[in-house]
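Chemist: have a look at this prediction, sequence included:
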Amino acid sequence: MPTKKNNNQLVTTSEHLLPFIESLPDAVVIVNADHKIVLVNSRTGEMFGYPVDVLKGADLMTIIPELHRGKHRQKVDAYFQKPVNRPMGAQKRFSGVRADGTEVPVDIMINRITLDGVTVAMALIRDVTYQRELEDRLTLDSLTDEMTGFYNRKHFKTRLEAQRSGFLRSGLPTSVIMFDFDHFKHINDQFGHAGGDIVLVNVASMIQKELRPLDVGCRIGGEEFAIILPNTNLESAVAFAERIRQHIERMEFRVEERRFHATVTLGVATFSSMDRTSDAIMKRADEALYAGKAAGRNCVVSQDALTRTEAD
């Protein structure tokens, strides 16, 4: 029968422990200080896609994603040197890797026990795929605009500041396009808010198809949008902005049987080593945008054009 030491550490044998861990709904993996798996239950085999007999005696790294193996070995070594029991839900994200190479999000509880006269670590492993997907969905919802699917202003500023830090470290350029719709109030007045919504949704959908995976499209206000273009110099960003402007100019929108068009004015800026915060590039892009409005709208204006104007 299992017994306990004075420090509450469980002392048992594989023969007595196996029926107990087989009755648990979670996977159980027991490893020794050499990172070898000494005992698992059948739920572990189901979770990771291995026969139980294959896992017994295998290196623990068999079920750890390759990217994390080195760090995980260090953590296992540290645990055996100074064991600290870990409960479920300790606000850290872990993943295991299945036999087919896919990863499974997990939560882990760890305790030290004495099994067959040897001190080992017993981990209860719970598949938290559903919980992780729900958390990610809630996080994404808090950062995105419900109507267009673009990121919101909060996320825009966070990502822009991260890009500024990256620019200062690497010197790789990052540019920003800020734009809004020309005479958007007239669209709402003539076609109702449904017409305005159609414009915003369709334009956002078009732009999303034009963006690279590393680009970030954001809706930062009612009809105001911004695009972060990492690894993009000012000239390339201006060319991209002009392509977007032309696409929008050619788009046809429809409310019932009525058709109409819309245009945008865009301001483009790129990070400078003098920028102390991300607000600086936003200000330059905004100033370029309003210069475009003053010049007649439906155009692209860059920060360089502002500099030339001031010089003149």
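Modeler: Great, that's in hand.

Chemist: okay, CA-based contacts and neighbour counts for the rest of this
Modeler: Will do.

Chemist: residue 27 - how many residues pack around it?
Modeler: As a burial measure, residue 27 scores 22 neighbours (other C-alpha atoms under 10 Å).

Chemist: repeat for residue 234
Modeler: The tally of other residues near residue 234 (other C-alpha under 10 Å) stands at 21.

Chemist: ok, residue 128 next?
Modeler: 17.

Chemist: ok, now which ones touch it?
Modeler: 104, 105, 106, 107 (C-alpha atoms under 8 Å, 6 or more residues apart in numbering).

Chemist: got a pLDDT number for it?
Modeler: Listed pLDDT for residue 128 reads 89.

Chemist: go on, residue 5?
Modeler: Residue 5 is given a pLDDT of 59.

Chemist: please renumber the chain so that the first residue is 53 from this point on.
Modeler: Will do, 53 is the new start, and the previous item becomes residue 57.

Chemist: could I get the full set of strands for the chain?
Modeler: 55-56, 62-64, 79-83, 89-92, 146-149, 155-167, 170-179, 226-233, 268-271, 276-282, 305-307, 310-312, 316-322, 352-354 (DSSP state E).

Chemist: measure the spatially closest residue to residue 341 that is not a sequence neighbour to residue 334 for me?
Modeler: In space, residue 341 comes closest to residue 319 once its chain neighbours are excluded; the distance is 3.9 Å by C-alpha to C-alpha, 6 or more residues apart in numbering. Here the criterion is C-alpha to C-alpha, to the nearest Å. By it, residue 319 lies 10 Å from residue 334.

Chemist: give me the common contacts of these two.
Modeler: Common contact partners of residue 319 and residue 334 (C-alpha under 8 Å, 6+ apart): residue 230.

Chemist: more neighbours, these two?
Modeler: Between residue 319 and residue 334, residue 319 has the larger neighbour count (other C-alpha under 10 Å), namely 29 against 23.

Chemist: report pLDDT for the more buried one.
Modeler: So, for residue 319, pLDDT stands at 97.

Chemist: kindly report the same for residue 125.
Modeler: 90.

Chemist: do the one 3 residues further on as well
Modeler: In the prediction, the pLDDT value recorded for residue 128 is 89.

Chemist: burial measure for it, as a count.
Modeler: Residue 128 has 19 nearby residues by other C-alpha under 10 Å.
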